[in-house]
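Trainee: I need the structure of the sequence given here:
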Amino acid sequence: MPSKPAMPERVPREERRSAARMSRDRWADEVKQALNEQRLTVHAAARLAGISPGALQAWLNQDVEPSPRAMAALASVIGRRHLYLLELLGWLPEELSDIPLRLEASARLREALAEAQRWVEAATTLSGSSGAALIASALLDRGDKWEMILRQSYRGRRYQAHPYATHIALSRLGDPDPHEPSSVPPDTEADRREIEALVGDELRRSNADWRLPERAADWRWLKRPDLVLSVPRVCASKPRGLRQNLAVPPSICVAGIPFTGAPDVAALVATALDWAFTDLRATARERFQVVPGSAHEPLAHTELARRLLDSPTGAGRLLVWSHNSVKAIMNTFLAIREDLPLVVFLKAPDSLIEYAAERLQGSSTVVEVEAAQNTIRRALAKRDPKTYVTLEVPELSLEHGVLHDVDEFFDAYVELAFEAVQWLQKEHDGPSLDDAPGILAELWRQDREG
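Mentor: Below you'll find the model as predicted:
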């Protein structure tokens, strides 16, 4: 007669309990190590993962079984794979047990490569490599008809940024002296197109802009006021530094209509946190190669904003970014998540709304500019007050048809950035301006000392 199949051997209850306890210990050790690597406290990690801090504390230290529902969110916060945490707890079938280890090893390798690249980028930034030098070098290599003068630009009266940008004054070899009358007017558009064809990649990478000729009309050191490139330094995109603040929730959007200073405020706040900074306008140019003022530009801004709003702990992690495109704000902001990113809302007075519409030269009307501001306000009204701050942009000197005073505006932007960092310190354990790194903290200390 055929023998009966052997019954699986039963594991004693105490042995099962012991194995489960060992699995929880392995899981707790891994989570604690991850928290140390991310420089996160238990309280901060729990808050970001939507877990009770008391519950996470018990899971790590009191032999309490974690909740399976919390594993995915916790894994995302601490930089580990969801399946890997489940495998450590012994919750996966044996035939799947090696898959999480392979995934985790691959993820660790990618993280190590990304970290090495970040250190290289940070070192390059600290060594003084600038977009202006890239443009000048490329133009000298590729064109033999152009000469240039580079000068650093400073901004602010009470708060002076040294330098704020670098100006590249270009002229064609043989251009007449600008102070002598000429019968042949320059062909500005043709000359700009020729330069852009030679160094278009460098212009996009550095976010260089053609300066308005009227802004350079009284500069005696250049030949062509119509051919001056302005290359940002304060508002240049930058990678994360080497000593990032990890107490503040990991993503910040600085939002406001044009001329409220969103790029300046975001860039300055990023220096105090040692976080990365990007302006949607600059990123759209580099990533999608959009032409400023083209019909494709708002679409590119919208796509980038959606990515950063949808993935604040992924694409937007340890990033301060500025959102000041009228159409992109109206297309995206009502879909912002309830918790992250944190938002610094720069609310414009009516006079600045009208001025912005005037300077945008028909691309956005007063109604559209005001609608964009109201879109931000309505979206934030539904959120926890701790996740955003509204900063009132002061009334500034404005005159119809006249260019604004850039130094007065910059001083106002610096004070708004001070307020933003003070809010982060009060509500989110952010740094004090008295001992924070970066240009914003330097401006704060210089003002207090002098």
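Trainee: mind checking how far Gly401 is from Tyr355?
Mentor: Gly401 sits 10 Å away from Tyr355, going by C-beta to C-beta, to the nearest Å. Every C-beta, even on glycine, is put in place using the N, C-alpha and C of the backbone.
Trainee: neighbour-wise, which of the two wins?
Mentor: Relative neighbour count places Tyr355 above the other of Gly401 and Tyr355, with 22 against 5, counting by other C-beta atoms under 10 Å.
Trainee: Now that one. Nearest residue, chain neighbours left out?
Mentor: Nearest residue to Tyr355 in three dimensions, chain neighbours excluded: Leu398, at 5.0 Å (C-beta to C-beta, 6 or more residues apart in numbering).
Trainee: hang on, the one you found packs against Ile353?
Mentor: No - judged on C-beta atoms under 8 Å, Leu398 makes no contact with Ile353 at a distance of 10.8 Å.
Trainee: Need the three-state assignment for Gln33.
Mentor: Per DSSP: H, G, I helix; E, B strand; the rest coil, the secondary structure class of Gln33 is helix.
Trainee: Please read the previous query as pertaining to Pro258.
Mentor: Here Pro258 is coil, with the state taken from three-state DSSP.
Trainee: before we move on, what about Ile252?
Mentor: When classified by three-state DSSP, Ile252 comes out as strand.
Trainee: Would you list the phi and psi of the residue nearest to Tyr355?
Mentor: Main-chain torsions, Leu398, degrees, to the nearest 10: phi -130, psi 140.
Trainee: Quickly note the distance from it to Phe409.
Mentor: Distance, Leu398 to Phe409, by C-beta to C-beta: 10 Å.
Trainee: element containing Tyr164?
Mentor: Per DSSP states H and E, Tyr164 falls inside strand 161-172.
Trainee: hang on, the earlier thing: please name the residues that touch the residue nearest to Tyr355.
Mentor: When contacts are counted by C-beta atoms under 8 Å, 6 or more residues apart in numbering, Leu398 touches 351-352, 355, 404.
Trainee: hmm, try it at 10 Å
Mentor: Leu398 is in contact with 259, 349, 351-352, 354-355, 358, 404-405, 408-409, counting by C-beta atoms under 10 Å, 6 or more residues apart in numbering.
Trainee: didn't Ala247 look like it was pressed against Glu427?
Mentor: No - assessed by C-beta atoms under 10 Å, Ala247 is found out of contact with Glu427, at 11.2 Å.
Trainee: between the two, what contacts are shared?
Mentor: Residues touching both Ala247 and Glu427 (C-beta under 10 Å, 6+ apart): none.
Trainee: returning to that earlier point: distance of the residue nearest to Tyr355 from Leu360?
Mentor: 14 Å.
Trainee: for Arg26, same thing?
Mentor: On the measure of C-beta to C-beta, Arg26 and Leu360 end up 58 Å apart.
Trainee: Compare these two and say which is more crowded by neighbours.
Mentor: Taking neighbours as other C-beta under 10 Å, Arg26 and Leu360 compare with Leu360 leading, 18 against 14.
Trainee: My guess is the more buried one contacts Pro298. True?
Mentor: No - in this structure, Leu360 is not within contact of Pro298 by C-beta under 10 Å, at 11.7 Å.
Trainee: Quick check: neighbours shared by these two?
Mentor: Common neighbours of Leu360 and Pro298, using C-beta under 10 Å, 6+ apart, are Val326.
Trainee: Are there residues contacting both of Leu398 and Phe409? Which ones?
Mentor: Shared contacts of Leu398 and Phe409, defined by C-beta under 10 Å, 6+ apart, are found at 259, 352.
Trainee: For the stretch 101-250 of the chain, just list every one of the helices.
Mentor: Counting by DSSP state H, counting those that start in this stretch, the stretch 101-250 of the chain has helices at residues 131-142, 188-206.
Trainee: Val231: which of these is closest?
Mentor: The closest of the helices of the stretch 101-250 of the chain to Val231 is helix 131-142. By C-beta to C-beta, the value is 4.3 Å.
Trainee: Could you check the angle the closest one makes with strand 161-172?
Mentor: Counting by axes from the mean of the first three to the mean of the last three C-alpha atoms, to 10 degrees, helix 131-142 points 20 degrees away from the direction of strand 161-172.
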